[in-house]
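one predicted model, sequence on top.
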Amino acid sequence: MRVVIVWVLGALPVVWAAITSRPGRITPWEAVAYLAVLAVALPLAGRRPVTALVVTAVAWQVGFFASARGDSTIAVGLLAGGLVGVAFLAGRHARTGERGVVALVLIGTSTATAALVLTGAVDTALAATSAVAVLAAVPWAVGRYRRQYTAMVRGGWERAEQLERDAEHVRVRERARLAAEMHDLVGHELAQAALLVGALEVAPALAPEHREAARAARSAVTSAAERLADVVSLLRTAEREPVESAADVVARARRSGLRVELTGDGPGDVDPVIAQTVHRVLTEAITNAIKHAPGAPVSVDLGRVEDGVELRVVSGPGRRTPDDVPGSGQGLLGLAERVALVGGRFTAGPDEGGGFAVTARLPGRAVATAVPHRHRVEQQVRRSARRAVLLTSAIAAGIVVAVLGYLVFDAATSTLDATAFQRLEPGRHESELDLPRRVRVDAPDDPLPVPGGATCRYYSTHINPFDGRRLDLHRLCFRDGVLVDKALLRRDP
């Protein structure tokens, strides 16, 4: 649904550019091509975010340079909505930000270079580069922040679920402890009482009525012991089922077609919570290997170490690429949280052999951890938010500085002051004239008639780009390199 909404918002400027009557409009076939690019790039952003970003940015560049001379509004806004949407989704789905940053730098550099090569205008290059920064870099940074924020929320829910599981485990252990105490203490006392009453029942010195009372008492004590046994049995039914062994997990994976080898002497006698954590890490690591490196062999090493248990699962590089790999790395975050909760250390990343390694080092008994995973995720979210704000501020400040700098540069290199203008005499060749190095870039439509066969150039009148008469221009018209006319164009500020 989100992709459809972004596609519709991105398609509106394209449709507008196709049906508008302004000079920069695009043909229906061009509109169809741009819409097709959006239709491909938006779903691709979830699986290949950087590729989708590059494809959309290239399409925007094509539309910009094709329409810049006719209509700058259409040139900038043609695929603006689509580029913003794809950049946000790409930042949202990218596992790491390094490749995206490199892609954005290359996109900005190629945009500026293409603008200078194709148009030769510095102002066009400045506008194009600023547009890429605003339409691509800022949404990318916001998408990265959104990803981190979502990870924090998901981590919070996983932590809550883990706490619930831990609380349930505590309740189960407490019930088992109570059952054991009732069986060992109360049951023992009832058994002794039954023996004593039974001795009275067969004592020859008791009268028949007393013997009958002793028999009734023994029967009641025996019945109470049986009911106690029922209660103990009921309490013990809530104990956890035995955790599946690593050998059983590996055997099940082999039956599914995975080439996996198990080494090591096993976890030994560990706490049930540690055994469950080992089982969770092992099954998740094997599942990830099947998803992300199908066809690759997997090695599992599980054994005792000095301070507990160490599990290492290494998958080789995949021999074939899966068509569609679901998931976004949150399983590894969940494993890190689970291992940290019991006082262990967890690492996951590329292996030296080109594969992927998951390592968990766990204590023999669960202990509290001093560095909760939630705190680390919150720190990541804060850093991501700061980066997004700093990037947006830096882009805005860069655009302002670049625009002001260009205004100063344009005015300083294209100014023909009033004194020099007065000294210019028609009939002299331009090689004899002392003219500025550049002509004014933003020359307006000329309201004065142009001499036949002549070409006119326009120069600034004030070196200060913020002067009240900064918009006035000096016009010089040349025919075959000879000055034939000069005029002062006064433009309303």
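The structure has been received and is ready for your questions. Numbering: from 1, shown residues only.

what's the burial count for residue 297?
Each residue near residue 297 was counted by other C-beta atoms under 10 Å, and the total is 16. Just so you know, the C-beta spots here come from the backbone N, C-alpha and C atoms, and that holds for glycine as well.

for the residue nearest to it when sequence neighbours are not counted, give its distance to residue 356.
Distances taken as C-beta to C-beta, 6 or more residues apart in numbering put residue 259 closest to residue 297, at 4.4 Å, once the chain neighbours are dropped. Remark: distance between residue 259 and residue 356 (C-beta to C-beta, to the nearest Å) = 15 Å.

what are the contacting residues of the helix or strand containing residue 115?
Here residue 115, judged by DSSP states H and E, is contained in helix 98-118. Helix 98-118 is contacted by residues 49-50, 53-54, 57, 61, 64-65, 90-91, 94, 121-122, 124-125, 127-129, 132-133, 136-137, 140, 144 when judged by C-beta atoms under 8 Å, 6 or more residues apart in numbering.

how about a cut-off of 7 Å?
49-50, 53-54, 57, 61, 65, 90-91, 94, 124-125, 128-129, 132-133, 136-137, 140 (C-beta atoms under 7 Å, 6 or more residues apart in numbering).

from the residues you listed, which ones fall inside helices?
49-50, 53-54, 57, 61, 65, 90-91, 124-125, 128-129, 132, 140 (DSSP state H).

those residues: which two are farthest apart?
Farthest-apart pair in the ones in helices among the contacts of helix 98-118 is 49 and 124; separation 28.9 Å (C-beta to C-beta).

ok so, going back, so the residue nearest to residue 297 makes contact with residue 296?
No: using C-beta atoms under 7 Å, residue 259 is not in contact with residue 296; the gap is 8.0 Å.

returning to that earlier point: check which residues of the helix holding residue 115 are buried.
Within helix 98-118, the residues that count as buried by 16 or more other C-beta atoms under 10 Å are 100, 101, 103, 104, 107, 108, 110, 111, 112, 114, 115, 118.

buried ones in stretch 298-315, by neighbour count?
By neighbour count with 16+ other C-beta under 10 Å, stretch 298-315 contains the buried residues 298-300, 302, 304, 308-315.

also stretch 259-277?
For stretch 259-277, a neighbour-count test (16+ other C-beta under 10 Å) marks 260, 262, 267, 270, 271, 272, 273, 274, 275, 276, 277 as buried.

in helices, which of these fall?
Using DSSP H, the buried residues of stretch 259-277 in helices are 272, 273, 274, 275, 276, 277.

which two of these have the greatest separation?
Within these, 272 and 277 form the most distant pair, 9.7 Å apart (C-beta to C-beta).

so can I have a markdown table of the buried residues of helix 98-118 showing pLDDT and distance to residue 420?
Shown next, in a markdown table, are these (pLDDT from 0 to 100; distance: C-beta to C-beta, whole Å):
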| residue | pLDDT | distance to residue 420 |
| --- | --- | --- |
| 100 | 83 | 51 |
| 101 | 83 | 48 |
| 103 | 86 | 48 |
| 104 | 85 | 45 |
| 107 | 86 | 43 |
| 108 | 84 | 39 |
| 110 | 86 | 40 |
| 111 | 84 | 37 |
| 112 | 83 | 33 |
| 114 | 84 | 36 |
| 115 | 81 | 31 |
| 118 | 80 | 33 |
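
tell me the one of these nearest residue 427?
For the buried residues of helix 98-118, the nearest to residue 427 is residue 118 (37.3 Å; C-beta to C-beta).

separation between the closest one and residue 57?
According to C-beta to C-beta, residue 118 and residue 57 sit 16 Å apart.

ok, now residue 436?
36 Å.

comparing the two, which residue is more hemmed in?
Neighbour count, other C-beta under 10 Å: between residue 436 and residue 57, residue 57 has more, with 25 against 17.

would you agree that one is in contact with residue 86?
No: using C-beta under 7 Å, residue 57 is not in contact with residue 86, being 8.4 Å away.

show me what whichever strand or helix holds residue 474 is packed up against.
Following DSSP H and E, one finds residue 474 within strand 473-479. Under the contact definition 3 or more C-beta pairs under 7 Å, 6 or more residues apart in numbering; DSSP states H and E, strand 473-479 sits against strand 455-460, strand 482-489.

mind putting the ones you listed into a markdown table with mean pLDDT and distance to residue 360?
Below are these laid out as a markdown table (pLDDT from 0 to 100; distance: least, C-beta to C-beta, whole Å):
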| stretch | mean pLDDT | distance to residue 360 |
| --- | --- | --- |
| strand 455-460 | 88 | 69 |
| strand 482-489 | 90 | 77 |
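
hey, which of those strands is tucked in deepest?
The highest mean neighbour count among those, using mean count of other C-beta atoms under 10 Å, belongs to strand 455-460: a mean of 19.

after the particular helix or strand that has residue 312 in it, which helix or strand is next?
Counting by DSSP H and E, the element that carries residue 312 is strand 308-315. Remark: after strand 308-315, the chain's next helix or strand is helix 330-341, criterion DSSP H and E.

which helices and strands sit right next to that following helix?
Applying 3+ C-beta pairs under 7 Å, 6+ apart, one finds that helix 330-341 makes contact with helix 138-181, helix 272-292, strand 345-350, helix 373-413.

and it, what's buried?
Neighbour counts using 16+ other C-beta under 10 Å place 332, 333, 334, 335, 336, 337, 338, 339, 340, 341 of helix 330-341 among the buried residues.

what do you get for stretch 42-52?
42, 44, 45, 46, 48, 49, 50, 52.

okay, how far is it across it, tip to tip?
End-to-end span of stretch 42-52 (C-alpha to C-alpha, to the nearest Å): 7 Å.

average pLDDT for that stretch?
Stretch 42-52 shows a mean pLDDT of 84.

swap in stretch 399-410?
The model assigns stretch 399-410 a mean pLDDT of 72.

again with stretch 470-478
Averaged across stretch 470-478, pLDDT comes to 85.
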